[in-house]
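Student: Below: sequence and its predicted model.
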There are 2 protein chains.
Amino acid sequence: MARIKILEYLTGTTDHPTVEMIYSRLLPEIPTLSKTTVYKTLELLVEANLARLLHMDENEARFDANVSDHGHFRCSRCGKVYDFEADLDSLETKGLEGFAVAEKNLIFKGSCPRCRTDRSGRIRG
Amino acid sequence: MARIKILEYLTGTTDHPTVEMIYSRLLPEIPTLSKTTVYKTLELLVEANLARLLHMDENEARFDANVSDHGHFRCSRCGKVYDFEADLDSLETKGLEGFAVAEKNLIFKGSCPRCRTDRSGRIRG
DNA sequence: TATATAATTGTAATGGTTACATCTTGGTAA
DNA sequence: TTACCAAGATGTAACCATTACAATTATATA
C-alpha cells in the first residue's frame, strides 16, 4: 500500500523529492506511514530500476522516477532541481578505455531563471 | 602548517581522498592534527576554488585539487575514483534556456579495467 | 480458517559533518 | 623583549540523514 503510493507519487512529480518530502507529503494520506518504510521502499525501487538515486551537493538524497539518461540542474539559490536533456551518448570522452560504464550522471549548478530575476531570494548555497 | 600540508597532499594525488583518508595520511607527519582542521581547511580550499567537493554516490565526500572541468568515474567494485576527460563545453543540452550554469559535474559508474578482469574482488556497491 | 510470507513500523545505533568554545601560534607595535 | 591581537588549530559535543534490527501488521495461499 505505502509502496504503491510512494511509487505513484514519485512517477507523478518532477520535484526530485527527498525522503522527508515524500514522507510529509504522504503522511496525511497514510497516517501510519513511517520513514523507515519510505527509505526501504525507495531502496527497492532503485534496485528494480524504477527510480534513480541522486546525490546532489546536499546532505539529503533525492529520488527521480525518470530513469532515462538526462541531466539535473540544481539552483544554488532556491535549491530546486530541474531536469534537462543532454546528449550523453555522443559525448566525447578520453581516458575511459577499458572501463565498463554502467551509469551516467550529469549535474549542473547555478541559478534558475526565476532566481536570476528575483533579488529577494535567500541564498541557500 | 596543517593547511599547507593538506593542500600539498591534495594537489599531489589523483586519489580524490575523503576527509578520513587525508586525516590518517597526514597524522604521522602532524601528530597533533585534528579532523576538525581537515574539514575546516577543505571548506576554505573549496571556497577559494583551490579544490572541488565531490559527492559520488557514497556517504563520504571526496576532494579534488583538479579544479578544471573533467569527469569522474567511480568503480562500483573497488570504490576507486578515476578522472577522465570530457568535452562538456560542446555537449548539447535542451531545457536550460534562461539558466545560468556555474558548475558542471559529470559522474560515471561501472567497473574499472582492473576489476573487470579480477574476479576475486568484493563488490562494494 | 490457519499459516507462511511479505510489508510495515518503531526504536536505537551508526557515522559523517558541523557548531562552538578553547587553546596555540605567529606577527606586529611599543 | 614584552604585550597584544588575530589567525590557525584543536577537542568535545551536538546534529541529522541513514541503517540495523526486532517486532508487529497485512496479504495471499492452501
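Tutor: Now that the structure is in, tell me what you want to look at.
Student: A:I107 sits in which helix or strand?
Tutor: Here A:I107 sits within strand A:100-111, counting by DSSP states H and E.
Student: Which other helices and strands does that strand contact?
Tutor: strand A:71-75, strand B:100-111 (3 or more Cβ pairs under 8 Å, 6 or more residues apart in numbering or on different chains; DSSP states H and E). Backbone N, C-alpha and C define where each C-beta goes, glycine included.
Student: quick one: the longest one to strand A:71-75, angle?
Tutor: Interaxial angle of strand B:100-111 relative to strand A:71-75 (axes from the mean of the first three to the mean of the last three Cα atoms, to 10 degrees): 140 degrees.
Student: And for A:S68, the neighbour number?
Tutor: The number of residues packed near A:S68 is 8, by other Cβ atoms under 10 Å in any protein chain shown.
Student: Of all the residues in the strand holding A:I107, which ones are buried?
Tutor: A:104-111 (16 or more other Cβ atoms under 10 Å in any protein chain shown).
Student: Now compare the residues you listed and name the two farthest from each other.
Tutor: A:K104 and A:S111 (24.5 Å; Cβ to Cβ).
Student: of all the helices and strands packed on strand A:100-111, which lies closest to A:E97?
Tutor: Evaluated with Cβ to Cβ, the helices and strands packed on strand A:100-111 place strand B:100-111 nearest to A:E97, the distance being 13.0 Å.
Student: Listing partners with orientation, what would you give for that closest one?
Tutor: Paired with strand B:100-111 in the same sheet, following DSSP bridges, are strand A:100-111 (antiparallel), strand B:71-75 (parallel).
Student: May I have it exported as CSV, CA atoms only?
Tutor: Written as CSV, here are the backbone C-alpha positions of strand B:100-111 (Å, rounded to 0.1, in the frame of the first residue of the first chain):
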residue,chain,number,x,y,z
ALA,B,100,22.9,30.4,-15.6
VAL,B,101,25.2,27.4,-15.4
ALA,B,102,28.1,28.0,-12.9
GLU,B,103,29.4,24.4,-12.4
LYS,B,104,29.3,21.2,-14.3
ASN,B,105,29.7,17.8,-12.8
LEU,B,106,29.9,14.5,-14.7
ILE,B,107,29.9,11.2,-12.9
PHE,B,108,30.1,7.8,-14.4
LYS,B,109,29.8,4.5,-12.6
GLY,B,110,30.7,0.9,-13.6
SER,B,111,33.7,-1.3,-13.4
